[in-house]
Every structure is written in C-alpha cells, then in structure tokens.
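Chemist: Got a predicted structure here, sequence first:
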Amino acid sequence: MSQITEWCHEVIKSQARAGGFYIDATMGKGNDTLMLCRLAGNAGRVLAFDIQEEALRITEERLKEEGMSHLAELILDGHEHMDRYAGAESADVICFNLGYLPGGDHEIATSAATSAEAIKKGLKILKSGGMMSLCIYSGGDTGFEEKEKILEFLRKVPAREYTVIVNEYYNRENHPPMPVFVFKH
C-alpha cells in the first residue's frame, strides 16, 4: 500500500462508521467520492466539491457505473464554501486530495489560501470523534506554498481539541505527497 490515496482510504475505513455523513472536499475524478459512497451506503450522505465541471462530469459517470450516483450530491463550488452546505459538527469524515485534476489543466489547482480556509471550516464541520484526511502534493508552481501554509495552520490547531498526525515518505525523491490525518476529540 504505497500509494497515498490507498493509505488514506484505509485509515478512513478504519475510523469511519457505515452510514455516516462524509465530505469529499476535492472531487477530482471521483476516487474518494466513490469510496465515501461505499462507506455511506443508503443510510449515509456524501457531499463532493470541485470547481471544475469536468470533475463533476467524470465523477457523476463513475458513480453511475457503480450504481451509486444517488448516494452523493456533487457540488460545483470551491471547498472553502463547504460551510454553506454542511452544518457545524455534522460530518464524520472530510477528505482532501490537494493539487490539480489528474490529467487535467495544471493551471487549475488548489491554492494555499482556499485550502487553508477550507480546512479551517472543515474542522468546525467535523463531529467529535470525526476525522479529516489530507493528501498534500507539493510539486508545481503553488504546491510548496500550499503545503507550508497548511502545515503552519495545523501546527497551531489546539491539541486539546484535535490530534494532528503528519506523515512523510522518507525515502522518496522529488517531493513526494504528504498524508496528514486530523482527529477531532
């Protein structure tokens, strides 16, 4: 299990309860959305965000193929606005896969300002006992700035309210992705 997304999925599955409320803050090609729909089942709920219509189209097709399109609400909006769609202390899991749409336009990517704002809002949306998963990619033009801003923010998150676990691939070159997990007490 050396891929960051597989690792994050396994951690989410080990912590999440079936039938919960889950948020995919960065829909992309729908991998996280599909995994969250499987966890949610008919008793749960999934919101998935992206700013690109292409991401919504790809994800919608993927969910239809799997017979799960009825389980997710796909939202064409930035993740920094998730509080417009989810109330405080309502989500069991929120996952982020930062960067750009795989195979898409590299000019359209998550940014330091909007991602930090989304994480801040996401922490308020998490239920007690909930978790946030972040796959942080630091390549590209803005990736390093985004990674540093997020890590700086997470360093200041109150330890009595959250546990933040930052992992790294220690023997990989070329700025490997960083998996981060935040658990709300």
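Modeler: On my side now, so go ahead.
Chemist: As PDB, could you dump the C-alpha coordinates of the worst-scoring helix or strand of the chain on mean pLDDT?
Modeler: In the chain, the helix or strand scored least confidently by mean pLDDT, DSSP states H and E is helix 143-155, which has a mean of 88. Output in PDB follows, covering the C-alpha atoms of helix 143-155 (Å, rounded to 0.1, in the frame of the first residue of the first chain):
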ATOM      1  CA  GLY A 143       2.200  23.400  -4.200                       C
ATOM      2  CA  PHE A 144       5.100  24.300  -1.900                       C
ATOM      3  CA  GLU A 145       3.300  27.400  -0.700                       C
ATOM      4  CA  GLU A 146       0.100  25.500  -0.100                       C
ATOM      5  CA  LYS A 147       1.900  22.700   1.800                       C
ATOM      6  CA  GLU A 148       3.700  25.200   4.100                       C
ATOM      7  CA  LYS A 149       0.600  27.300   4.700                       C
ATOM      8  CA  ILE A 150      -1.400  24.200   5.700                       C
ATOM      9  CA  LEU A 151       1.300  22.800   7.900                       C
ATOM     10  CA  GLU A 152       1.700  26.200   9.600                       C
ATOM     11  CA  PHE A 153      -2.000  26.300  10.200                       C
ATOM     12  CA  LEU A 154      -2.200  22.700  11.500                       C
ATOM     13  CA  ARG A 155       0.800  23.300  13.900                       C
END
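Chemist: Determine the next helix or strand in the C-terminal direction from that helix.
Modeler: Toward the C-terminus, helix 143-155 is succeeded by strand 162-166 as the next helix or strand (DSSP states H and E).
Chemist: Other residues contacting that next one?
Modeler: Strand 162-166 is contacted from outside by 123, 151, 154-155, 157, 178, 180-185, using Cβ atoms under 8 Å, 6 or more residues apart in numbering. All C-beta atoms are positioned from the backbone trio N, CA, C, and that covers glycine.
Chemist: Would you state the strands of this structure in chain order?
Modeler: All strands of the chain, identified by DSSP state E, fall at 21-24, 45-50, 72-76, 91-97, 126-136, 162-166, 178-184.
Chemist: buried residues in the fifth one?
Modeler: What it means is strand 126-136. Applying a neighbour-count criterion of 16 or more other Cβ atoms under 10 Å, one finds 126, 130-136 buried in strand 126-136.
Chemist: Any chance of a markdown table for the residues you listed, columns distance to N167 and pLDDT?
Modeler: A markdown table is the format used below for these (distance: Cβ to Cβ, whole Å; pLDDT from 0 to 100):
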| residue | distance to N167 | pLDDT |
| --- | --- | --- |
| L126 | 19 | 98 |
| G130 | 19 | 97 |
| M131 | 14 | 98 |
| M132 | 14 | 98 |
| S133 | 11 | 96 |
| L134 | 10 | 95 |
| C135 | 10 | 89 |
| I136 | 10 | 85 |
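Chemist: quick check, nearest of the residues you listed to T59?
Modeler: C135 (16.5 Å; Cβ to Cβ).
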